[in-house]
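In: need a 3D model of the sequence below.
(2 chains, ligands or ions: 2)
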Amino acid sequence: MPNEPLLTVQSLTVGYGGSTALDSVSISIYPEELLSVVGANGAGKTSLIRSIAGVVRPLDGEIRWRGVDIAGFPPWEICELGIAQVPEGRELFRNLSVEENLLIGGSLKRARARRSGNIQQVYGLFPRLLERRLQAAGTLSGGEQQMLAIGRAIMAEPELIMFDEPSIGLSPSLTRAMFDIVKMLHAKKTTILLVEQNVADSLSIGDRGYVLENGHVVLEGTGAALLTNKEVRRAYLGL
Amino acid sequence: MLTLWGNVLASGILMGLVYGIIALGLTIIFGVIRIVNFAHGAMVVFGLYVGYCAGAWWGIPTIVAAVGAGALLFVFGYGLETLVVKRFVTRPHHIQFILFIGISLVLSGAQLIAFGPDPRPSVSHLSFETIAVGPIRLDLARLQAATVAAVMILALAGFLKYSTFGRFIRAAADNRLGGLMVGLPIPKIYATTFGIGAACAGGAGALISPLFDAQPFLAVDFTLLAFVTVIVGGLGSFVGALVGGLTIGLTEAFAALLFAPSLKSALSYGLLMIVLIVRPRGFFGAKET
Ligand SMILES: Nc1ncnc2c1ncn2[C@@H]1O[C@H](COP(=O)(O)OP(=O)(O)OP(=O)(O)O)[C@@H](O)[C@H]1O
Ligand SMILES: [Mg+2]
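Out: Residues are numbered from 1 along each chain as shown, chains lettered A, B, ... in the order given. Ligands and ions are numbered 1, 2, ... in the order given. Predicted coordinates for the structure are as follows:
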């Protein structure tokens, strides 16, 4: 690898009162890379993202951001470092308007000064959000809500965006649009952690990938190598 | 006859606004932190004593005392949340209940030590003055309390709706997990919200000091009153707290007119029971999710 990882997850163990969701998982993300993490339901993908975000407390292990162990930092400090997410289930503020959701996304110290410019940028990216800027987020369609969740993350000017199954529940054409957005952010040098069950698409746009199974990393490699891997093709692509 | 009804209607509405701001304090704390402040009544009585002392000791007008009580209770609430309540947010309901009953008893005990058990009647000259508005006579203390309560309600609504921190508070009430994920400063939001809730109780307490003799044992009455108000209006709802306040204010006023003054609480509880049966989530309450 060319340089130091931006984020290193080392022997991360996460459990919820008895059950283990992640068992000594180690993953690295390099600057400006698009990393795919794939795995079946319950593999531990969401738990990985939530522990990096500080929302879930790991039982053990390290999470290093530019070399500093941030495991145990509160979420608001982690966001301030430049780590944002487009969460599973979107987790919007449903009774607040589209614009208020964006404003809150842009309230971090790291991005507040450029908030109004960033809102215009998000509206440029998603004109539908501009048309609905005063509408309550909870009344948006599923696709629009996903756009808003992405827009809200962009407002934080993150260095790393973690996407948790962004294509879930979207039509094929919206899914393609979603992947285009991910690629566009990647091209603009944002580091991306993409978690998907849509294995073929996500591995094909990923620079590298990991396969999670039952809380363990079972495979890692470049996206292209994983796509041609026999195990992956049998287990995830049904080939 | 009509004049009498008009007087009762007016005094019900005026008291309703005061009950509304007390209930708003309870409901905003519940809406954001998801805990029920059973020490709310003790905080109202805290304000009542501030109003009493300000008037009796220093001759400070009630309105000024209300601002002072609001500020004092804000600081008290902010500190209490940061030091104590925060540790109980994720604990089971019955533990939270005991905590707040404990806080309430400590506050009442402190009031008892400082002022003794005897009622402290107001010295405000407003207590006995009325003004005529057309055929209706309004008593000045009530009018003043209601006016200031209305200003407080509007100020709080504006703060929540238009300020950045107000938006944070609404977002945290809406989706705590989502708030964590976008980096909202949850500890500061919770402490501020608790402070605001306590300030509503304290400010209202000082405002009604010309109407109620200050007495430590009133804490229970005010807690129950606030509780009934928010349940009728819908727990966690801003508009619900106001409508609940007006409903209870009017119920009490007409109960006193049509039946007997001593029946006014009984009628409020009767109303509560009817609401709980017919519309369990109150007038404006959100559906259970
Ligand atoms: N809050 C929780 N309490 C208890 N168990 C949990 C909790 N969250 C996750 N788990 C368990 O941890 C394991 C991993 O869950 P996780 O959500 O991380 O998987 P995932 O890979 O994101 O799955 P999916 O593709 O269905 O979203 C699962 O067995 C799940 O049941
Ligand atoms: Mg998941």
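
In: so who does residue 208 touch?
Out: Let's take chain A. Residues near A:R208 by CB atoms under 8 Å, 6 or more residues apart in numbering or on different chains: A:E33, A:L35, A:S36, A:E220, A:G221, A:T222, A:G223. (Glycine included, C-beta is placed from N, CA and C.)

In: actually it's chain B I care about, not the one you picked
Out: B:I208 makes contact with B:V18, B:L48, B:G51, B:A141, B:A145 under the criterion CB under 8 Å, 6+ apart.

In: secondary structure element holding the second one?
Out: Read it as B:L48. helix B:40-58 (DSSP states H and E).

In: average pLDDT for that helix?
Out: On average, the pLDDT along helix B:40-58 is 95.

In: run a quick neighbour tally on whichever residue of the stretch 151-289 of chain B sits closest to ligand 1.
Out: Nearest residue of the stretch 151-289 of chain B to ligand 1, counting by CB to the nearest ligand atom: B:L177, 10.4 Å away. Counted with other CB atoms under 10 Å in any protein chain shown, residues neighbouring B:L177 total 12.

In: that one reaches A:V55, doesn't it?
Out: Yes: contact criterion CB atoms under 8 Å: B:L177 and A:V55 qualify, at 7.0 Å.

In: average pLDDT for stretch B:102-119?
Out: Stretch B:102-119 comes out at a mean pLDDT of 94.

In: chain center to it: distance?
Out: Centre-to-centre, stretch B:102-119 and its host chain are 19 Å apart (CA atoms, centre = their mean, to the nearest Å).

In: which residues make contact with it from outside it?
Out: Under CB under 8 Å, 6+ apart, the answer for stretch B:102-119 is B:38-39, B:41-43, B:45-46, B:49, B:80, B:84, B:213-217, B:219, B:223.

In: out of the residues you listed, which end up buried?
Out: Using 16 or more other CB atoms under 10 Å in any protein chain shown as the burial test, the contacts of stretch B:102-119 include B:38-39, B:41-43, B:45-46, B:49, B:80, B:214-216, B:219, B:223 as buried.

In: ok, and which of those residues reach ligand 2?
Out: Taking CB under 5 Å from the ion as the test, ligand 2 is in contact with none of the buried ones among the contacts of stretch B:102-119.

In: which SSE is the residue of the stretch 151-289 of chain B closest to ligand 1 in?
Out: helix B:176-181.

In: from the chain's centre, how far out does the helix or strand just after that helix sit?
Out: Going down the chain from helix B:176-181, the next helix or strand is helix B:186-207, by DSSP H and E. Distance of helix B:186-207 from the chain centroid (CA atoms, centre = their mean) equals 10 Å.

In: how about stretch B:7-15?
Out: Distance, centroid of stretch B:7-15 to centroid of chain: 18 Å (CA atoms, centre = their mean).

In: mind listing what's buried in it?
Out: B:N7, B:V8, B:A10, B:S11, B:G12, B:I13, B:L14, B:M15.

In: now do it, average pLDDT.
Out: On average, stretch B:7-15 scores 91.

In: so what touches that stretch?
Out: B:133, B:136-139, B:142-143, B:145-146, B:246, B:249-254, B:256-257.

In: among the buried ones among the contacts of stretch B:102-119, which pair sits farthest apart?
Out: B:L80 and B:Q215 (22.5 Å; CB to CB).

In: which secondary structure elements does the helix or strand hosting B:G79 sit against?
Out: Take DSSP H and E as the rule and B:G79 turns out to sit in helix B:62-83. Helices and strands touching helix B:62-83, by 3 or more CB pairs under 8 Å, 6 or more residues apart in numbering or on different chains; DSSP states H and E, are helix B:40-58, helix B:140-162, helix B:186-207.

In: would you reformat those as a markdown table and include distance to ligand 1?
Out: Formatted as a markdown table, the helices and strands packed on helix B:62-83 follow (distance: least, CB to the nearest ligand atom, whole Å):
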| stretch | distance to ligand 1 |
| --- | --- |
| helix B:40-58 | 32 |
| helix B:140-162 | 30 |
| helix B:186-207 | 18 |
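
In: quick one: closest of those to A:A137.
Out: helix B:140-162 (16.0 Å).

In: is any residue of the closest one near chain A?
Out: No: using CB under 8 Å from any CB of the partner chain, helix B:140-162 stays clear of chain A, coming no nearer than 9.9 Å.

In: give me the phi and psi for whichever residue of chain A sits closest to ligand 2.
Out: Proximity of chain A to ligand 2 (CB to the ion) peaks at A:T46, 3.1 Å away. When quoted as degrees, to the nearest 10, the phi and psi of A:T46 stand at phi -70, psi -40.

In: does the nearest residue to it once chain neighbours are set aside count as helix, strand or coil?
Out: Leaving aside its sequence neighbours, A:T46 sits nearest to A:E88 (CB to CB, 6 or more residues apart in numbering or on different chains; 5.1 Å). Here A:E88 is recorded as coil under DSSP: H, G, I helix; E, B strand; the rest coil.
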